[in-house]
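Engineer: Quick one, fold the following:
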Amino acid sequence: MEKKAEDKKNPTVKTNLTMLTDFYEITMANGYFANGFQETTVYFDMFFRELPDSGGFAIMAGVQQLIEYLNQLTFTVEDIEYLRSCGIFSEAFLRYLADFHFCCDVWAVPEGMPIFPGEPIVTVRGPVIQAQFVETMILLTVNHQSLIATKANRICRAANGRPVMEFGSRRAQGPDGAVLGARAAYIGGCCGTACTICGKEYGIPALGTMAHSWVQLFDTELDAFRAYAREYPQNCTLLVDTYNVLKSGLPNAIQVFREEIVPRGLRPAGIRIDSGDITYLSRKARRILDDAGFPDCKICASNSLDEYIIRDMLSQGANVDSFGVGERMITSSSHPVFGGVYKLCGVEDAAGNVVPKIKISENVTKITTPGFKTIYRLYDRETNKAIADVITLFGEKIDSEKPYVIFDPDFIWKKKTVTNFKAVEIRQQIFRNGSCLVGERSLKEIQEFCFRQVDTLWDEVKRFENPHRYYVDLSQNLWNIKNELISKYSG
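Structural biologist: Now for the predicted structure:
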């Protein structure tokens with residue numbers, strides 16, 4: 001049963017989350033303050049190193065919650081008193097925090113955009129105390145929702161156009177995991193959610209019918225179905241697997257459809273199967289429903305589904321019209337950590353020049369890309385398919401009217417000259433001097449944007465197993481800077 005709701009603005013954060021940060025952010029801030037660095041301007045990048053489920057791409061999400069957090073970043077009297085009680089922070093530093101006003105510049109990839117490892121999906125420029133302090137919440141909001149949006153998109157693509165409902169609230173890791181997970185799942189492609197508060201607050205269609213307890217409460221399954229059909233005749237979907245799908249559930253559902261729904265001039269909405277061999281049961285149920293005169297009655301499947309199970313069910317001929325997916329989506333149980341990190345990439349000198357900073361590691365994937373950067377996505381003008389992404393120095397332009405050479409930054413002999421393309425900068429500035437620059441988009445708009453952007457990827461990139469590698473390259477100027485620093489610090 002669907003409760004329709006208009007898109008609303010996302011609810012504002014009711015709890016001040018300024019103190020939701022790692023304690024070392026505050027100890028470092030106190031140290032920066034003591035050493036006179038509080039006005040030093042720095043650049044931090046958020047990026048991730050590994051795609052969930054070894055997939056071909058991820059989906060950006062969580063930016064709106066990041067904006068809400070940054071808009072309310074202020075220390076309360078109680079916050080200051082708690083920090084004073086720790087006994088390790090100077091009074092001058094605590095006075096600094098009491099007068100704290102966020103004044104950073106922030107750039108981010110919009111929600112719904114496909115993203116790839118190594119890309120600076122969020123960049124913060126500002127005083128080091130502030131830019132360092134927001135690390136935890138940037139990672140928390142973007143990591144969580146990008147993970148769930150990515151998983152949901154995989155599951156929805158496996159459903160091959162069939163609606164997928166998010167059913168995961170009771171399996172989520174806490175209230176925020178349920179609510180924001182449902183939000184992210186909708187961005188990734190779900191048609192609605194069982195999480196009622198998301199219908200109220202976010203305008204996501206709230207969906208649901210009955211649990212097995214409804215059927216068990218009545219003396220008979222038939223009585224349970226009759227009662228439900230009389231209460232909700234216009235959208236009657238019956239759960240048919242409480243006892244036996246083929247021997248009782250389906251026959252009783254058909255009897256109730258004939259007795260309670262058809263006489264009212266209506267048609268049954270569907271049945272839901274939540275256990276057993278759903279592929280086999282759905283094929284049998286489809287034939288029985290068709291023979292009974294209900295070819296328009298939909299079949300919904302649920303029960304610990306994911307993209308692989310859904311794909312296999314459909315390849316084996318399952319007659320399922322929609323899916324309800326819970327725990328394996330809301331927790332992304334097959335890959336429960338997104339793994340985004342937040343690293344210093346530059347410091348401004350007295351003249352305002354950006355001095356690139358790098359992190360060196362024997363683990364090559366942990367070597368960072370220095371400098372103030374942006375991301376271009378190159379699209380083929382004929383197919384509108386994405387060719388590759390190029391990370392450049394901020395302000396560096398890619399001329400779409402001239403051939404452009406892209407190369408693998410790790411294996412530089414792998415080169416390709418791109419022609420007849422357009423270069424689109426995929427990040428946008430969302431804060432300037434602490435003031436928000438962007439309006440709020442409805443979730444429906446973000447979801448539709450996500451659909452359009454995923455459609456620009458080649459099918460080979462969207463494979464679940466062994467997807468084609470989508471290249472994220474560096475401009476020649478940026479590659480030169482990175483390798484000069486590697487040479488400098490590697491001895």
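
Engineer: The stretch 101-250 of the chain: helices as residue ranges?
Structural biologist: With DSSP state H, counting those that start in this stretch, the ranges of helices along the stretch 101-250 of the chain come out as 128-133, 135-158, 174-188, 196-202, 212-217, 221-231, 250-256.

Engineer: Now render the ones you listed as a markdown table, adding mean pLDDT and distance to Pro52.
Structural biologist: C-beta coordinates here come from the backbone N, C-alpha and C atoms, glycine included. Listed next are the helices of the stretch 101-250 of the chain as a markdown table, based on pLDDT from 0 to 100; distance: least, CB to CB, whole Å:
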| stretch | mean pLDDT | distance to Pro52 |
| --- | --- | --- |
| helix 128-133 | 97 | 27 |
| helix 135-158 | 98 | 5 |
| helix 174-188 | 97 | 11 |
| helix 196-202 | 94 | 22 |
| helix 212-217 | 98 | 32 |
| helix 221-231 | 98 | 38 |
| helix 250-256 | 98 | 38 |
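
Engineer: and for stretch 481-491, what are the contacting residues?
Structural biologist: Stretch 481-491 is contacted from outside by 356, 358, 360, 367, 369-371, 393, 409, 474, using CB atoms under 8 Å, 6 or more residues apart in numbering.

Engineer: Now with 10 Å, please.
Structural biologist: By CB atoms under 10 Å, 6 or more residues apart in numbering, the list of residues contacting stretch 481-491 from outside reads 356-360, 362, 367-371, 391, 393, 409, 412, 474-475.

Engineer: Tell me the buried residues within these.
Structural biologist: By neighbour count, with 16 or more other CB atoms under 10 Å, the contacts of stretch 481-491 hold 356-358, 367-371, 391, 393, 409, 474-475 as buried.

Engineer: Sort out which one of the residues you listed lies nearest Val164 for me.
Structural biologist: Using CB to CB, Ile391 is the member of the buried ones among the contacts of stretch 481-491 that lies nearest Val164, at 33.2 Å.

Engineer: what bits of the stretch 351-491 of the chain have low per-residue confidence?
Structural biologist: 491 (pLDDT under 70).

Engineer: ranges for the strands of it?
Structural biologist: Using DSSP state E, counting those that start in this stretch, the strands of the stretch 351-491 of the chain run over residues 354-356, 373-380, 386-393, 404-407, 415-418, 421-425, 428-432, 435-436, 472-474.

Engineer: Could you export these as CSV, including distance to Asp241?
Structural biologist: CSV is the format used below for these (distance: least, CB to CB, whole Å):
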stretch, distance to Asp241
strand 354-356, 60
strand 373-380, 46
strand 386-393, 43
strand 404-407, 53
strand 415-418, 53
strand 421-425, 48
strand 428-432, 47
strand 435-436, 49
strand 472-474, 46
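
Engineer: gap between the closest residue to Gly188 other than its chain neighbours and Ala61?
Structural biologist: Leaving aside its sequence neighbours, Gly188 sits nearest to Ala152 (CB to CB, 6 or more residues apart in numbering; 3.0 Å). Relative to Ala61, Ala152 is positioned 9 Å away (CB to CB, to the nearest Å).

Engineer: Of those two, which one has the most company?
Structural biologist: More neighbours surround Ala61 than the other of Ala152 and Ala61, with 33 against 30 (other CB atoms under 10 Å).

Engineer: Go through stretch 186-196 and flag the buried ones.
Structural biologist: Neighbour counts over stretch 186-196 (16+ other CB under 10 Å) mark 186-195 as buried.

Engineer: is it possible to export those to a markdown table including distance to Ile278?
Structural biologist: Shown next, in a markdown table, are the buried residues of stretch 186-196 (distance: CB to CB, whole Å):
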| residue | distance to Ile278 |
| --- | --- |
| Tyr186 | 24 |
| Ile187 | 27 |
| Gly188 | 23 |
| Gly189 | 21 |
| Cys190 | 19 |
| Cys191 | 19 |
| Gly192 | 20 |
| Thr193 | 21 |
| Ala194 | 18 |
| Cys195 | 23 |
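
Engineer: ok, so of the residues you listed, who is nearest Leu289?
Structural biologist: After measuring the buried residues of stretch 186-196 against Leu289 - CB to CB - the closest member comes out as Cys191, at 21.8 Å.

Engineer: Which residues are in contact with the closest one?
Structural biologist: Residues near Cys191 by CB under 10 Å, 6+ apart: 2, 156, 159, 162-166, 185, 204-205, 207, 322-323, 447.

Engineer: returning to that earlier point: and which of the buried ones among the contacts of stretch 481-491 is nearest to Gly249?
Structural biologist: The closest of those, once distances to Gly249 are taken by CB to CB, is Ile391, at 55.4 Å.

Engineer: Out of the buried residues of stretch 186-196, which is nearest to Ser304?
Structural biologist: Ranked by distance to Ser304 (CB to CB), those are led by Ala194 at 15.0 Å.

Engineer: what about the closest one, distance to Gln476?
Structural biologist: Note on Ala194: its distance to Gln476, by CB to CB, is 51 Å.

Engineer: Equivalent analysis for Gly434, please.
Structural biologist: With CB to CB as the criterion, Gly434 and Gln476 are 35 Å apart.

Engineer: Rebuild the helices of the stretch 101-250 of the chain as JSON lines, extending it with distance to His101.
Structural biologist: Shown next, in JSON lines, are the helices of the stretch 101-250 of the chain (distance: least, CB to CB, whole Å):
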{"stretch": "helix 128-133", "distance to His101": "9"}
{"stretch": "helix 135-158", "distance to His101": "17"}
{"stretch": "helix 174-188", "distance to His101": "26"}
{"stretch": "helix 196-202", "distance to His101": "29"}
{"stretch": "helix 212-217", "distance to His101": "52"}
{"stretch": "helix 221-231", "distance to His101": "54"}
{"stretch": "helix 250-256", "distance to His101": "61"}
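
Engineer: Lys422 is nearest to which of the ones you listed?
Structural biologist: The closest of those to Lys422 is helix 135-158. By CB to CB, the value is 24.3 Å.

Engineer: got the contact list for Glu135?
Structural biologist: Applying CB under 10 Å, 6+ apart, we find Glu135 in contact with 21-22, 24-25, 28, 44, 46, 124, 341-343.

Engineer: Next, count neighbours for the closest residue to Tyr186 other than its chain neighbours.
Structural biologist: Leaving aside its sequence neighbours, Tyr186 sits nearest to Ile204 (CB to CB, 6+ apart; 5.0 Å). By other CB under 10 Å, 28 other residues sit near Ile204.

Engineer: In contact with Ile204, which residues are there?
Structural biologist: With contacts defined as CB under 10 Å, 6+ apart, the neighbours of Ile204 are 5, 7-8, 166, 182-183, 185-187, 190-193, 195-198, 443-444, 447.

Engineer: what's the answer for Thr193, then?
Structural biologist: Counting by CB under 10 Å, 6+ apart, Thr193 makes contact with 165-169, 178-179, 181-183, 185-186, 199, 202, 204-208, 330.

Engineer: cool, and Val364?
Structural biologist: Asp410.

Engineer: tally of neighbours for Val347?
Structural biologist: 16.

Engineer: and it, that one's in a strand?
Structural biologist: Yes: assessed by DSSP: H, G, I helix; E, B strand; the rest coil, Val347 belongs to a strand.

Engineer: hang on, it packs against Pro127?
Structural biologist: No: Val347 is beyond contact range of Pro127, at 11.4 Å (criterion: CB atoms under 10 Å).

Engineer: which residues do these two both contact?
Structural biologist: Counting by CB under 10 Å, 6+ apart, the residues touching both Val347 and Pro127 are 37, 40-42.

Engineer: Much appreciated, bye for now.
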